[in-house]
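1. sequence first, predicted coordinates after that:
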Protein chains: 2
Amino acid sequence: MTRQSDRVSGWELIDDEECRRAAAIVERVGRRWNSGILLAVARGAHRFTEIVARVDGLSDRMAAARLKELEQIGLIDRIVEPTTPVSVRYRLTERGRDLLASLQPLAAYGQRWEKGPEAHQPGRRS
Amino acid sequence: MTRQSDRVSGWELIDDEECRRAAAIVERVGRRWNSGILLAVARGAHRFTEIVARVDGLSDRMAAARLKELEQIGLIDRIVEPTTPVSVRYRLTERGRDLLASLQPLAAYGQRWEKGPEAHQPGRRS
């Protein structure tokens, strides 16, 4: 029997399949650099160089690989503009925008727990 | 200027520091196995063997490593019960419960996008 103190609003009511799906989404978005890139695009970085500049530590090589991956899984559109020379912009798909909207409560969670007097000081961060 | 179609509710209004923090949280929770383990515990698996049984593909070795990590970052409590022999249970901390509550909108996102006629069929999943 689940004790009151262990209950987490919502998740007990969801079936195993939905739970596995949610865990897979977290792993995919949580893959190193992906969430930073998605947030940079959401916040107005559309050119490759803007995205790289916005995400601390992101190399050109990783940015290219991750943008391709995010495009393949349908979260980002790569738009080639017919200028001379051609230029490329990235933007969130409808699905990508919905994903980021769904992740929005994490910002408030971060505020509650990752600063202020009660914040944990983890021994290491990965 | 950000175009209407690129706007994502909430994230434009958050400062860079909060954004970095949220991205770091997603990466930490999204690290392979972590979200599966947290959800298993949230859904009533408290013994080590129950947790391993609940998460597809999770080995004993990885479960031990990840549970230690999740304990270090303050998301899970490891409780040693003074039975003979001693037994160990895991449960979410208040912070862990808050994190899972904050991730709850992902379940609905998963339902909207990861099944049904409009679901993408990504070329590969990592």
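-> Nice, thanks for sending it over. Numbers count the residues shown, from 1 in each chain, chains lettered A, B, ... in the order given.

2. now the closest residue to chain B within chain A. Nearest residue, chain neighbours left out?
-> Chain B sits closest to A:Gly30 of chain A, with a gap of 1.3 Å, by CB to the nearest CB. Every residue, glycine included, has its C-beta placed from N, CA and C. In space, and not counting its chain neighbours, A:Gly30 is closest to B:Gly30: 1.3 Å by CB to CB, 6 or more residues apart in numbering or on different chains.

3. then A:Ala53?
-> Using CB to CB, 6+ apart, the closest residue to A:Ala53 is A:Ala45 (7.5 Å).

4. can you confirm the one you found is in a strand?
-> No. Assigned with DSSP: H, G, I helix; E, B strand; the rest coil, A:Ala45 falls outside any strand and is coil.

5. can you pull out the low-pLDDT segments for chain A?
-> Across chain A, the ranges flagged by pLDDT under 70 are A:1-9, A:116-126.

6. re the thing from before, for the residue nearest to A:Ala53, what are phi and psi?
-> As for A:Ala45, its main-chain torsions (degrees, to the nearest 10) stand at phi -90, psi 120.

7. contact partners for the residue nearest the centre of chain A?
-> The centre of chain A sits closest to A:Ser35, judged by CA atoms, centre = their mean, with a distance of 2.7 Å. By CB atoms under 8 Å, 6 or more residues apart in numbering or on different chains, A:Ser35 lies in contact with A:29, A:103, B:22-23, B:26-27, B:30.

8. need the helices for chain A, in chain order.
-> A:16-30, A:34-42, A:48-54, A:60-72, A:94-102, A:105-113 (DSSP state H).

9. of all those helices, which one comes closest to B:Val55?
-> Across the helices of chain A, B:Val55 has its closest neighbour in helix A:16-30 (8.2 Å, CB to CB).

10. okay, angle between that closest one and helix B:105-113 too, please.
-> Our comparison of helix A:16-30 with helix B:105-113, counting by axes from the mean of the first three to the mean of the last three CA atoms, to 10 degrees, yields an angle of 100 degrees.

11. by contact count, what packs against helix A:16-30?
-> Under the contact criterion of 3 or more CB pairs under 8 Å, 6 or more residues apart in numbering or on different chains; DSSP states H and E, helix A:16-30 touches helix A:34-42, helix B:16-30, helix B:34-42, helix B:105-113.

12. turn the ones you listed into CSV, columns for distance to A:Ile79.
-> Formatted as CSV, the helices and strands packed on helix A:16-30 follow (distance: least, CB to CB, whole Å):
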stretch, distance to A:Ile79
helix A:34-42, 12
helix B:16-30, 23
helix B:34-42, 32
helix B:105-113, 21
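
13. looking at those, which is closest to B:Thr93?
-> Nearest to B:Thr93, of the helices and strands packed on helix A:16-30 and by CB to CB, is helix B:34-42 at 10.3 Å.

14. ok now the closest one, how far from the chain's centre?
-> 6 Å (CA atoms, centre = their mean, to the nearest Å).

15. same question, stretch A:66-76
-> On CA atoms, centre = their mean, the centre of stretch A:66-76 falls 11 Å from that of its chain.

16. likewise for stretch A:84-96?
-> 17 Å.

17. what of stretch A:82-96?
-> That offset, for stretch A:82-96, works out to 19 Å (CA atoms, centre = their mean).

18. do that stretch and chain B meet?
-> Yes. Stretch A:82-96 reaches chain B (CB under 8 Å from any CB of the partner chain) through A:91-92, A:95.

19. top of those by neighbour count?
-> A:Leu92 (22 neighbours; other CB atoms under 10 Å in any protein chain shown).

20. which residues does it form beta bridges with?
-> Counting by DSSP bridges, A:Leu92 forms beta bridges with A:Ile76.

21. only the buried residues of stretch A:108-116, if you could.
-> By neighbour count on 16 or more other CB atoms under 10 Å in any protein chain shown, the buried set for stretch A:108-116 is A:109-110, A:113-114.

22. correction: stretch A:62-79
-> Quick answer for stretch A:62-79 (16+ other CB under 10 Å): A:63, A:66-67, A:69-71, A:73-76.
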